[in-house]
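Engineer: I would like to see how this sequence folds:
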Amino acid sequence: MTVLGIETPPVVRRRARRRGRVTRRVLRVLGIVLLAVPLLAAVAGPLFAPSTAAGDVPLQDPGPGHLLGTDVLGRDLLGLLLQGGTTVVTLTVASLLLAYLVATPIGLVVAARGRIVETVTIGLLDVLLALPSLLVLMVLAATGRRSVVWLVLAVAFVQLPYVVRLVRGAAAAPACLAALETMTMTGEPWWRVRIVETGRRVLPPTIVDATTRVTGVVGLLSSANFLGVGLDPLVVDWAVVVDQNMTALFLRPSVVLLPAALLVALCAGTNLLVDDLLERRS
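Structural biologist: Below you'll find the model as predicted:
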């Protein structure tokens with residue numbers, strides 16, 4: 001590398017590469033720590049969580065009976081933190097899994113069936129892409145349908161056009177097409193070439209794409225709770241806890257900031273690890 005015609009000494013380049021490796025390693029460890037905390041709370045937290053039944057003194061100070069105090073409904077805050085991540089992780093995984101299970105076959109068929117099918121499908125997807133995500137949730141709120149099933153369907157529907165376009169693009173990549181043409185010339189059946197083999201080749205970019213969508217899905221699920229189309233208020237969920245305790249933000253900040261911090265840690269840790277994965281792949 002040169003600056004104004006002066007070549008950078010090898011020692012400087014080695015130091016820059018070393019600093020880059022150290023920075024990436026630090027960010028990787030930070031991402032693992034940030035992601036591990038909410039995941040451990042979501043998986044193992046309910047096994048050790050105290051009771052979250054309402055009825056105690058609202059906004060009680062931390063003490064022997066309630067290590068982190070209580071929220072506006074008199075529920076144990078530590079119990080809410082340990083139990084509230086299960087629904088967040090479960091609904092995020094369910095929404096993404098449904099979106100990819102539906103979108104992947106559609107993308108493979110669109111890539112295999114020629115120009116007319118591709119043009120019509122991409123046109124419909126462009127219409128769906130123009131719909132804001134919050135608008136879909138607001139329409140769901142207007143229908144009065146409030147259930148976990150409808151929430152997962154709405155979030156998966158929002159992700160659908162993006163995933164179909166990704167799968168179709170990966171299946172139509174030159175390297176993939178060359179391999180498929182070779183298999184076709186060897187006499188392999190159409191379904192094996194276009195569905196099985198193509199699906200295997202688009203799996204790695206699809207997995208990477210799914211990890212990049214975690215933050216957006218968590219944000220949509222949290223927004224749904226604020227709009228009143230998410231989970232039932234009786235369900236223990238970090239986003240629901242934040243919504244229910246907003247009035248106590250200045251009286252007892254911890255009842256809002258702690259569950260919000262777990263949501264942020266889940267998203268930030270995922271993003272850092274995804275960035276590290278993408279950098280390694282490149």
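Engineer: okay but L77 is in contact with T70, surely?
Structural biologist: Yes - between L77 and T70 there is a contact at 6.2 Å, judged by C-beta atoms under 8 Å. For glycine as for every other residue, the C-beta is placed from the backbone atoms N, C-alpha and C.
Engineer: from the rest of the structure, what touches stretch 137-144?
Structural biologist: Contact with stretch 137-144 is made by 150-151, 154, 220, 223-224, 227-229, as judged by C-beta atoms under 8 Å, 6 or more residues apart in numbering.
Engineer: export only the CA atoms of that stretch, formatted as PDB.
Structural biologist: Output of stretch 137-144 as PDB, limited to C-alpha atoms (Å, rounded to 0.1, in the frame of the first residue of the first chain):
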ATOM      1  CA  LEU A 137     -48.900  -5.200  12.400                       C
ATOM      2  CA  MET A 138     -51.400  -2.300  12.500                       C
ATOM      3  CA  VAL A 139     -53.700  -4.100  10.100                       C
ATOM      4  CA  LEU A 140     -53.500  -7.100  12.300                       C
ATOM      5  CA  ALA A 141     -54.300  -4.900  15.300                       C
ATOM      6  CA  ALA A 142     -57.400  -3.500  13.400                       C
ATOM      7  CA  THR A 143     -58.700  -7.100  12.900                       C
ATOM      8  CA  GLY A 144     -58.700  -7.600  16.700                       C
END
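Engineer: what comes up buried for it?
Structural biologist: Buried residues in stretch 137-144, counted by 16 or more other C-beta atoms under 10 Å: 137, 140-141.
Engineer: so of the contacts of stretch 137-144, which ones are in helices?
Structural biologist: 150-151, 154, 220, 223-224, 227 (DSSP state H).
Engineer: from those residues, which two are the most distant?
Structural biologist: With C-beta to C-beta as the measure, no two of the ones in helices among the contacts of stretch 137-144 lie farther apart than W150 and S223, at 14.6 Å.
Engineer: just the helices from the stretch 1-150 of the chain, written as ranges.
Structural biologist: For the stretch 1-150 of the chain, the helices defined by DSSP state H, counting those that start in this stretch occupy 10-48, 77-83, 85-112, 115-129, 133-143, 148-171.
Engineer: from the contact counts, what lies against the second one?
Structural biologist: This means helix 77-83. helix 10-48, helix 238-244, helix 254-281 (3 or more C-beta pairs under 8 Å, 6 or more residues apart in numbering; DSSP states H and E).
Engineer: R115 is nearest to which of those helices?
Structural biologist: Among those, helix 254-281 comes nearest to R115, with 31.1 Å by C-beta to C-beta.
Engineer: tell me how far the residue nearest the centre of the chain lies from R165.
Structural biologist: Closest to where the C-alpha atoms of the chain average out (C-alpha atoms, centre = their mean) is V214, at 0.8 Å. V214 sits 19 Å away from R165 when distances are taken as C-beta to C-beta, to the nearest Å.
Engineer: quick check: chain neighbours aside, which residue is closest to R252?
Structural biologist: Spatially, and ignoring its direct neighbours in sequence, R252 is nearest to L59 (4.9 Å; C-beta to C-beta, 6 or more residues apart in numbering).
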